[in-house]
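Q: Model the following, please.
(one chain, ligands or ions: 1)
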Amino acid sequence: MKILVTGAAGFIGSHTCVELLKKGHTVVGLDNMNDYYDVNLKKARVSHIRKVAKELKGKFSFTVKDIEDGAGLEKIFRKEKFDKVCNLAAQAGVRYSFENPASYIKSNLIGFFNILELCVKYKVKHLVYASSSSVYGNNAKVPFSEDDRTDDPQSLYAATKKSNELMAHVYSKQYNLPATGLRFFTVYGPWGRPDMAPFKFMRMIIEGETIEVYNHGNLSRDFSYIDDIVKGVVKVLEGPNRSKREVYNIGNSSPVALMDFIGCIEKSTGKKAKKRMVAMQRGDVYTTFASVSHLKEDYGFAPNTPLQKGIDEFYNWYKAFYKID
Ligand SMILES: NC(=O)c1ccc[n+]([C@@H]2O[C@H](COP(=O)([O-])OP(=O)(O)OC[C@H]3O[C@@H](n4cnc5c(N)ncnc54)[C@H](O)[C@@H]3O)[C@@H](O)[C@H]2O)c1
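A: Alright, predicted model coming up:
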């Protein structure tokens, strides 16, 4: 298949491109290369995809493009005639949505609207797009099920992700566009995102800096290993053109207390974390916990990488990438 991956220079996007190439698909990657975090890391991810494509003699091309630019995006759709589209481009991050809300509206709402319109116009067989566990807000019932209410988001970021699901629902019903949203749960691993806790903690512990532990450590997250997440994304992309459900959770289904998570990094790195306990942050939620029974039922797959193993892999990559002994 010929598949468009937006956000291809991003954490999940770059891994998705690599996995799709390994499966023999033709991949067109697109990203606006914004400087929300280190652009050199994004460039290195694209170089990595190119290297893998070369080794595999796979077909990969990469374009710098903003999904907010509907006319520019249409030129690509018209030329490439994609079978499927995987939309991972977005302004990510909960905290940053309090600083720069406009960037969320542009990328996550206007950009996503352009993707929906073009998928309909160019008869894309299936749009698979990133949603987020943040749509559950402070859902008290665990594990979080796709049937739980998601009408109390705690940040604009979460609100845009919920809006994506509603927009996709309308395009699916009214314009017959098969669309599937994947609610990712705190993804970590090699080539990770420097703005997220797993990466920040890893770097700061290695460098002997003091980490801030939010809500005095009384938080838990369903940390999910990148290879599991990408396996799930690819299964849905390669699956039937229309999924049985409009959205699926995809997470480890095994929440870990923040202090235990820090303990895993200490174990991998052999270094003790210096911690400062601080208050709950605006927009944060207390826990996340994915029920993945629907994903298992419909795609025969669920994430299963144990946390310590995933952290060890992340540390190995970190050492090699940043050339640390
Ligand atoms: N990593 C996680 O734990 C997590 C959890 C829940 C949801 N998500 C979602 O998964 C998707 C991928 O996340 P990620 O962790 O890889 O983030 P990321 O920031 O590493 O990747 C997103 C990529 O999209 C690009 N991008 C942003 N706005 C764009 C635009 N307007 N046009 C073109 N490209 C644009 C960025 O440059 C970046 O490379 C996002 O939609 C994110 O909201 C991620």
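Q: hey, where'd the strands end up in the protein?
A: In the chain, the strands defined using DSSP state E lie at 2-6, 26-31, 60-64, 84-87, 126-132, 179-184, 187-188, 210-213, 220-221, 224-225, 247-250, 256-257, 274-277.
Q: Can you tell me what sits against the last one?
A: Outside of strand 274-277, the residues that reach it under the criterion CB atoms under 8 Å, 6 or more residues apart in numbering are 208-213, 216-217, 262. From N, CA and C alone the C-beta is placed, and that goes for glycine too.
Q: I only care about these that end up buried; give me the PyMOL line for that.
A: Restricted to buried positions by 16 or more other CB atoms under 10 Å, the PyMOL selection for the contacts of strand 274-277 reads:
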select buried, resi 211+213+217+262
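Q: Next, count neighbours for the residue nearest to I12 when sequence neighbours are not counted.
A: Distances taken as CB to CB, 6 or more residues apart in numbering place L88 nearest to I12, at 5.4 Å, with adjacent residues excluded. Number of residues near L88 (other CB atoms under 10 Å) recorded here: 25.
Q: and L88, what does it touch?
A: Residues near L88 by CB under 8 Å, 6+ apart: 5-8, 10, 12-13, 16, 129-130.
Q: who in the stretch 1-150 of the chain is up against the ligand?
A: Within the stretch 1-150 of the chain, the positions near the ligand by CB under 6 Å from any ligand atom are 6-7, 9-13, 31-34, 42, 66-68, 88-92, 107, 111, 130, 132.
Q: how does it look with 5 Å?
A: Within the stretch 1-150 of the chain, the positions lying close to the ligand (CB under 5 Å from any ligand atom) are 7, 9-12, 31-32, 34, 66-68, 88-90, 92, 107, 111, 130, 132.
Q: Drop anything exposed from these.
A: Listed as buried from these are 7, 9-12, 31-32, 66-68, 88-90, 92, 107, 111, 130, 132; burial here means 16+ other CB under 10 Å.
Q: Identify the residue spatially nearest to whichever residue of the stretch 1-150 of the chain sits closest to the ligand, adjacent ones excluded.
A: As assessed by CB to the nearest ligand atom, the ligand sits closest to G10 within the stretch 1-150 of the chain, at 2.0 Å. Once flanking residues are discounted, G10 sits nearest to L88: 6.0 Å by CB to CB, 6+ apart.
Q: go on, E165?
A: With CB to CB, 6+ apart, the residue lying closest to E165 is G181, at 5.0 Å.
Q: Would you confirm that P178 contacts Y129?
A: No. With contact defined as CB atoms under 8 Å, P178 and Y129 do not form a contacting pair (11.5 Å).
Q: Those two: which has the busier surroundings?
A: Set side by side, P178 and Y129 show more neighbours around Y129, with 25 against 19, by other CB under 10 Å.
Q: what's the burial count for the closest residue to E212 other than its chain neighbours?
A: Once flanking residues are discounted, E212 sits nearest to V278: 4.9 Å by CB to CB, 6+ apart. By other CB under 10 Å, 13 other residues sit near V278.
Q: Tell me the spacing between V278 and F223.
A: Between V278 and F223 the distance, using CB to CB, to the nearest Å, works out to 20 Å.
Q: One more: Q308?
A: According to CB to CB, Q308 stands 11 Å off from F223.
Q: between those two, who's got more neighbours?
A: Legend: neighbour count by other CB under 10 Å for Q308 and F223, higher for F223 (27 against 14).
Q: Stretch 211-230 near the ligand anywhere?
A: No. Stretch 211-230 does not reach the ligand (CB under 5 Å from any ligand atom); its nearest approach is 7.3 Å.
Q: first vs last residue of that stretch, how far apart are they?
A: 29 Å (CA to CA, to the nearest Å).
Q: Now for the closest residue to G72 other than its chain neighbours: which residues touch it?
A: Computed as CB to CB, 6+ apart, the closest residue to G72 that is not its neighbour in sequence is K65, at 5.7 Å. Going by CB under 8 Å, 6+ apart, K65 touches 30-32, 72-73, 76.
Q: quick one: the helices in the stretch 101-250 of the chain?
A: Assigned helices in the stretch 101-250 of the chain, in chain order: 101-104, 111-121, 156-175, 197-206, 226-238 (criterion: DSSP state H, counting those that start in this stretch).
Q: K23: neighbouring residues, count only.
A: By the criterion of other CB under 10 Å, K23 has 15 neighbours.
Q: meant to ask about K59
A: By other CB under 10 Å, 13 other residues sit near K59.
Q: Grab the nearest non-local neighbour of it.
A: Spatial nearest neighbour of K59, chain neighbours left out: T26 (4.1 Å); criterion: CB to CB, 6+ apart.
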